[in-house]
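Trainee: let me see the structure of the following:
(one chain, ligands or ions: 1)
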Amino acid sequence: MEQFLLDNAAHYNKLVKAFKSAPAGNKPDETTSPEIVVSARIRPLLDDETEQGFPPCIFPRGDSNTVDLHELRQRSYNYTVDKLFGQDSTTAEIYESLVQPLVPWAWGGGVATLFAYGQTGSGKTFTVSGLEKHVADTLIDGSLDGERKIHVCIIELAGQLAYDLLNNRKQISVLEDSFGTSQLAGALEHAVTDKPTFLELIERAAALRRTVATQKNDSSSRSHAICRIRLENPALPSADDGLLYLVDLAGSEAARDRSAHDTARMKESREINTSLSVLKDCIRGRAMADAGSLAPQEPNKKGKACKPAQYVPFRQSTLTKTLKHVFDPASARACKTVVVACVNPCLADVGATKSTLRYAEMLRVIVPRAKTEEIRPDVPATWDNATLRAWIDQNSGKPPLSSQHLAPTETGAQLLRLPVPEFLTRCLRSSDATEEQAQAFHTKLWKLHVDSQRATAATAPSTTKSAFTPSSSTAAADPEMSRLERLASSADPEPDSSAIPFRDRIRPGMVIAYRPDTVPFQGAQFGARNYAMVMAPAVSLGDRVCDIRGNRVNTQQTSDDKPKYLCAIFTPGLMTGSFTLHVWHQVVIGVDEMEDEALMEFDYATRYFYLTV
Ligand SMILES: Nc1ncnc2c1ncn2[C@@H]1O[C@H](COP(=O)(O)OP(=O)(O)OP(=O)(O)O)[C@@H](O)[C@H]1O
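Mentor: Sure, this is the predicted structure:
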């Protein structure tokens, strides 16, 4: 076949010259999901390919993101991606355009992922290893705001098995813990504080992959390599860590290439192709879930709000299970994804190149171009920057958070997509802001957003709302709603109570914040501030009442002490900013150990408590 192509190269070149491009299939009212960028990189023809006389099969169209691909049999195709990098593009340009925006996203607590996909020999490893070095530069050079602890882990997935590339290929397990989080059990994480150490880790992992490739004849392209960079923010110990994944996928193979394989290699190829197919479904599924998450819900025939649940099959392969954070629509973590389809331009590989570009096109989720929607006061996703900033100024508590710091340019929809730790960090730039106020304000914005999504057409019955989240205007108009709202909140029912110091008005049901080091007991340490609900004064309880450690409660209060109270503790819930109350997990806390009152609301829909402003 290759000889046939070479014999007909001159004829092929003549046909290509005479070719007139058909218009690409883009429609002006369509756009792609903003959270996933699908790009293609065409590598240069390698010396041996040029020496043999193979012409290129792929031709970028000037300044558009469409390429034409020509087969010798007079068939031509065109493919469109979000960003296209031709043979002259450097890895530095690709970094600047695709990956540089991911780094501050992960630094701010989001999840960012880069996948390099393509046929064996198309330049995946060349691209990913180059990008890793640029990432190391940016993370270490001090250009990003604040401090982060950087932890690096590099693993390889081959079929169902996983290996630690920074621990001599020790086999590890990908497990889901009882909280539903994917864990790389047995993998070592390396703390990195300087660039040489970072580069040494990248080199060590690459060398291990290379060694195995030589021993086992091309095994590097038969496995996926995942570099996970975890960014821990010491200023927000209770917030999620940022995650940046750089994934060099196993080379895809066309059926024709597999024909000469033995049974084991055929099985391996099947597994790779299955994992790549599941990956495609997961990337598309997550992009569709994200695209729908900020759109108002349409009412169904019964007038109820309805949004089709997006099924993302991330448990169907080890690769997507490992990257559960990226795909699980229930994880509520803000994710950005970039795919680089690496393409070999040689005419001898035209079939594989066609499949790679077809795969890339399939990853692009086309969504209708957002209509310039009318701004609605109770729908944050419709707010422009001015409306958002006015709302922040009026609703962020006292003293108000600076809207200039929190949303310098963002619209409502953009602020809702911001990773939670980045949201909190921006709030804390306002003088006198506390983490608690920032968390409560984040919850307030999200509650309003969730409510606005639940609200169906104007005809939908108001009972579809959860009891604790009516907008204040609805609550004011509906006394029953207002009563329910009060019952779901720990706020003092007396309207003027905030003028009285909280220590002088402690009552059962009040939520107080305390520092964990002042109230030692088993299992306590849930962040810089812990929360508990006051149950009763210690002196009022009978002799048999004991705290969680088994100590009698009423003997802990002496006549010299300031009053002490039996309290039930809160622990963080599964969702960001949520808390669970452990009614029978009781401790004694003195008023001097209480830092201040915290306001919590109970959400009947999720059955969690949330801090409020
Ligand atoms: N953009 C580029 N510029 C110059 N050379 C390149 C480029 N991309 C790839 N190459 C070269 O092409 C060859 C194959 O690249 P690479 O090993 O990265 O492919 P791969 O897709 O990772 O292959 P495999 O799946 O087998 O691991 C290497 O010699 C590499 O140096």
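Trainee: got the contact list for the nearest residue to I506 once chain neighbours are set aside?
Mentor: Spatially, and ignoring its direct neighbours in sequence, I506 is nearest to V534 (5.8 Å; CB to CB, 6 or more residues apart in numbering). Heads up, the C-betas are built off the backbone N, CA and C, glycines and all. When contacts are counted by CB atoms under 8 Å, 6 or more residues apart in numbering, V534 touches I506, R507, P508, G509, M510, V511, I512, Y565, L566, C567.
Trainee: is V534 bridged to anything, and to what?
Mentor: V534 has these beta-bridge partners by DSSP bridges: C567.
Trainee: I'd like the numbering to begin with 26 instead of 1 from here.
Mentor: OK, 26 is where the count begins now, so the last one is V559.
Trainee: just to check, I67 is in contact with V92?
Mentor: Yes - assessed by CB atoms under 8 Å, I67 is found in contact with V92 at 7.5 Å.
Trainee: shared neighbours of the two, anything?
Mentor: Common neighbours of I67 and V92 (CB under 8 Å, 6+ apart) are I83, P85, L109.
Trainee: out of those, which is most surrounded?
Mentor: Within the shared contacts of I67 and V92, I83 tops the neighbour count with 24 neighbours, counted by other CB atoms under 10 Å.
Trainee: bridge partners for that one, pull those for me.
Mentor: L94.
Trainee: and A482, what's its pLDDT?
Mentor: Here, the pLDDT recorded for A482 equals 37.
Trainee: follow-up on the earlier one: now the shared contacts of I67 and V92 as a markdown table including pLDDT?
Mentor: Formatted as a markdown table, those follow (pLDDT from 0 to 100):
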| residue | pLDDT |
| --- | --- |
| I83 | 92 |
| P85 | 91 |
| L109 | 94 |
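Trainee: distance to D189 for these - can I get that in CSV?
Mentor: Formatted as CSV, those follow (distance: CB to CB, whole Å):
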residue, distance to D189
I83, 37
P85, 39
L109, 36
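Trainee: list just the nearest of these to L269.
Mentor: Within the shared contacts of I67 and V92, proximity to L269 (CB to CB) peaks at L109, which comes in at 23.7 Å.
Trainee: list the contacts of the residue in the stretch 276-425 of the chain positioned nearest to the ligand.
Mentor: Proximity of the stretch 276-425 of the chain to the ligand (CB to the nearest ligand atom) peaks at G276, 3.3 Å away. Residues in contact with G276, defined by CB under 8 Å, 6+ apart, are G143, Q144, T145, G146, S147, K149, S246, R247, I297.
Trainee: how about the nearest residue to the third one, chain neighbours excluded?
Mentor: This means T145. G276 (3.4 Å).
Trainee: repeat that for the second one.
Mentor: Counting by CB to CB, 6+ apart, Q144 lies nearest to A377, which is 3.9 Å off, once chain neighbours are set aside.
Trainee: now do the buried residues in the longest strand along the chain.
Mentor: Looking across the chain with DSSP state E, the single longest strand is strand 603-615. Within strand 603-615, the residues scored as buried using 16 or more other CB atoms under 10 Å are S603, F604, L606, H610, Q611, V612, V613, I614, G615.
Trainee: for those residues, could you give me a markdown table that also reports pLDDT?
Mentor: Output for those, formatted as a markdown table (pLDDT from 0 to 100):
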| residue | pLDDT |
| --- | --- |
| S603 | 76 |
| F604 | 84 |
| L606 | 91 |
| H610 | 88 |
| Q611 | 91 |
| V612 | 89 |
| V613 | 90 |
| I614 | 91 |
| G615 | 89 |
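Trainee: which one of the residues you listed is nearest the ligand?
Mentor: Nearest to the ligand, judged by CB to the nearest ligand atom, of those is S603 at 42.4 Å.
Trainee: next to the ligand, which bits of the chain? Give me the list.
Mentor: By CB under 6 Å from any ligand atom, the residues of the chain that approach the ligand are 68-69, 71, 143, 145-151, 245-246, 276, 367.
Trainee: list the contacts of stretch 228-235.
Mentor: T150, S154, I179, E181, L190, L191, N193, R194, S245, S248, A250, C252.
Trainee: can you pull the contacts of the residue nearest to P69 when sequence neighbours are not counted?
Mentor: Of all residues not flanking P69 in the chain, Q112 sits nearest, at 4.4 Å (CB to CB, 6+ apart). Taking CB under 8 Å, 6+ apart, we find Q112 in contact with I67, R68, P69, L70, P370.
Trainee: next one: R173
Mentor: Contacts of R173 (CB under 8 Å, 6+ apart): W132, L164, L256, E257, N258, P259, G267.
Trainee: what about these, which are in helices?
Mentor: W132, L164 (DSSP state H).
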